[in-house]
Structures are given as structure tokens and as C-alpha cells.
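Undergrad: model this:
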Amino acid sequence: MTRASLSEFELIARYLSRPPAGERGDIVVGNGDDCAVLTPTPGHQLAVSVDTSVVDIHFPHDAPPDAIGHRALAVALSDLAAMGAKARWCCMALTLPEADPAWLAEFAAGFRALAERSGCELVGGDVTRGALTIGVTVHGELPAGSALRRSGAKPGELIAVTGYPGRAAAGLLRWQQDEREAGHPLLEAYLRPEPRLAAGEALRGLASSAIDISDGLLADLAHILRASGVGARLDLESLPLATPLRAIFETGAVHELALNGGDDYELLVTLAESDLAEAQRRLAALHLPLTPIGRIVDSEGIHGVPPHYLQRSGWDHFPETAP
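TA: Below is the predicted model of the structure:
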């Protein structure tokens, strides 16, 4: 089938639709009808988020198609992880400059592989023509009243982070420098981030607040501080820094990437010191470190960090629009 002959409906049927999910009782009507009809778990609340990925803003135009598909879903699922929600369903609005069967097959494979692994079924969407843009709406569930939020941090609590922030930003730098070594851990961290869904669920009942690191550790920590009405004191020496990061960059550059790089989709949480060991035990079962990097304090702002690291405010799509 040529690009010209691939209609919108053939595209959906060939690459985005799946057979009726008879084995999933939560999906009454799935992809292919005007609406999905879903059955939430009794006693649970829904967590819903939408994320849009635009070519050459959120991902390079020449990135592998399967990585683009994976990444578009991963960044949306990360919001569910930050709330402690279990992923259940998703919808996708896909805008394409052209219907390229080979590209679409790889894109769909990357998207579907992560969807299957995370238990998230694609139940609807739309396809249109234009600049490459992928909008993904995710739906998750969690026991009523158990959602992790940004507004629960309290003075004296620890600030901790999963994984190794800074790897994704370093991977983007490598890509921009035409270093395309397949499977390189820094490139993989950028192209195929791992949403910390299991970690978010494991931290329910322990973390007092949580957020995923999309815009940079400092920028996203500031969201928690504003929502909670508190401040933070960080310890730069406690930052968990991946070995490939240390091997390539000097200390100052490594700290900059870890604090302001963004695109890590690790979880940044606050919790009582007495709960740290249990939280680390739960995440160790997932082969994921949880590292304390500071404390919540009464005074506003972020302390313990050299001022030049605080001059960046994180990613902003409209930085010049303020009056």
C-alpha cells in the first residue's frame, strides 16, 4: 500500500486498532466506536492527564519512530506515576504530515509495547494531517483518597528522588552532537524514558507529596514548595549521579544537568525520615534507588544551591508572553 492510498480509516484500522479486548472486563466498548465505554474498579478514583508531544520541541524529527511512539506515551504515563495511580486506558490524537506505512508500523510498535507492559489499553483517538504532533490522554485508577499530590510537604521531611536525574538531558546533548550509538544509556534515557508507575504505587501511603521530573529537578521541586507553602534545603553532594554522566562531564556540568536538565521522568517525593527505610525497601524490589537529597524547611525558596543553578526556571513554552 502506497502513502497516497492509505486513508485515515485504513490507517487507524491497520496501525492503531486492536481486536476487541474480551479478556478485559473493564473495557465494555473499545477502540473503533464513537466513544470508549469503560468500567472503573469499585471504590477507586480516576486520575486523568493529557500530554502533547510536538516534533522538534519534545522530540527530534529524526528520532527512531518506535522511540517517538514510546516517548509520547511514557511522558503521559509519568503523570499517573506522580499521583500513585495504576495505568488503565489511554487515547491518542495523532497528527501526521503524511501517511508513511513503514514509519507508522515502527511508531505503533513502540507505543504498543509500552502500553502492554504498563497495562494501559488504547481505547480511542483521532488521526489528522499536519505537523507531527502526538496528544495522549491517560486514565488511571487508585484507591479513593490515596492520591499523591504536590501540596502535602511538611517542614522536617526528607526530599528524595528516584533513579539518576540528568541522564536524559545528557542524552539529548549527545543526540544534538550527532552521537547516535545504539543502546547508549544516556541516549536511551532521553529517547525511551521509563515512567515510574510501579514506584508511584509503592510510595502511596508513605510519600506526603510527589511530582515527576519533566522540566528539571529544581523547577519541579518549586511546584511542590509553592503548593505546600514551604521551602527546601538541598545537599548537592547527595545528588545521585549516574556513572556515564560523571565519565563525560565535569562536576559543574553534571550538577547543572541533574538540577535543570529535565526530561528524566523520575519521581521527586517528600516523606518523613521514619518512612525512608520502608520506601527504599519497596523500591529496591523494583530495582530502583530512592535517594534523599535534602529537607523541607519553613523558610521560602530553595537553599543550599549556588545561585547560578537557580537562575533557570525550567522549560516554558511561552517565556516572553508575560506583561
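Undergrad: pLDDT below threshold where in this structure?
TA: In the predicted model of the chain, residues 1-9, 18-23, 313-323 satisfy pLDDT under 70.
Undergrad: one more time with 90, if that's ok
TA: Within the chain, the stretches with pLDDT under 90 are 1-25, 27-34, 36, 99, 101, 124-126, 181-182, 251, 311-323.
Undergrad: What ranges does it have for its strands?
TA: With DSSP state E as the criterion, the chain has strands at 27-29, 37-38, 44-54, 86-96, 121-129, 133-143, 158-162, 207-212, 231-234, 267-271, 290-297, 302-303.
Undergrad: For Gln176, find the nearest of those.
TA: Closest approach to Gln176 among these is made by strand 44-54 (17.0 Å; CB to CB). C-betas here are computed from N, CA, C, even on glycine.
Undergrad: looking at the strands of the chain, which is buried most?
TA: With neighbours defined as mean count of other CB atoms under 10 Å, the strands of the chain peak in mean count at strand 267-271, which reaches a mean of 27.
Undergrad: what helices or strands is that one leaning on?
TA: strand 158-162, helix 197-203, strand 207-212, helix 217-228 (3 or more CB pairs under 8 Å, 6 or more residues apart in numbering; DSSP states H and E).
Undergrad: Can you name the residues that contact the spatially closest residue to Ala144 that is not a sequence neighbour?
TA: Distance criterion CB to CB, 6 or more residues apart in numbering; nearest residue to Ala144, sequence neighbours excluded, is Gln45 at 5.1 Å. Neighbouring residues of Gln45 by CB atoms under 8 Å, 6 or more residues apart in numbering: 141-145, 147.
Undergrad: can you put those in TSV and add distance to Leu236?
TA: Converted to TSV, these look like this (distance: CB to CB, whole Å):
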residue	distance to Leu236
Glu141	38
Leu142	34
Pro143	37
Ala144	39
Gly145	36
Ala147	31
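Undergrad: quick check, nearest of those to Val37?
TA: The nearest one, if we look at the contacts of Gln45 relative to Val37 and count by CB to CB, is Glu141, at 15.9 Å.
Undergrad: gap between the closest one and Ser151?
TA: 21 Å (CB to CB, to the nearest Å).
Undergrad: returning to that earlier point: dump the strands of the chain to TSV, plus distance to His255.
TA: Below are the strands of the chain laid out as TSV (distance: least, CB to CB, whole Å):
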stretch	distance to His255
strand 27-29	46
strand 37-38	44
strand 44-54	28
strand 86-96	33
strand 121-129	39
strand 133-143	32
strand 158-162	14
strand 207-212	20
strand 231-234	11
strand 267-271	16
strand 290-297	12
strand 302-303	14
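Undergrad: wait, which of those strands is closest to Leu283?
TA: Leu283 lies closest to strand 290-297 among the strands of the chain, at 4.8 Å (CB to CB).
Undergrad: Appreciated, that's everything.
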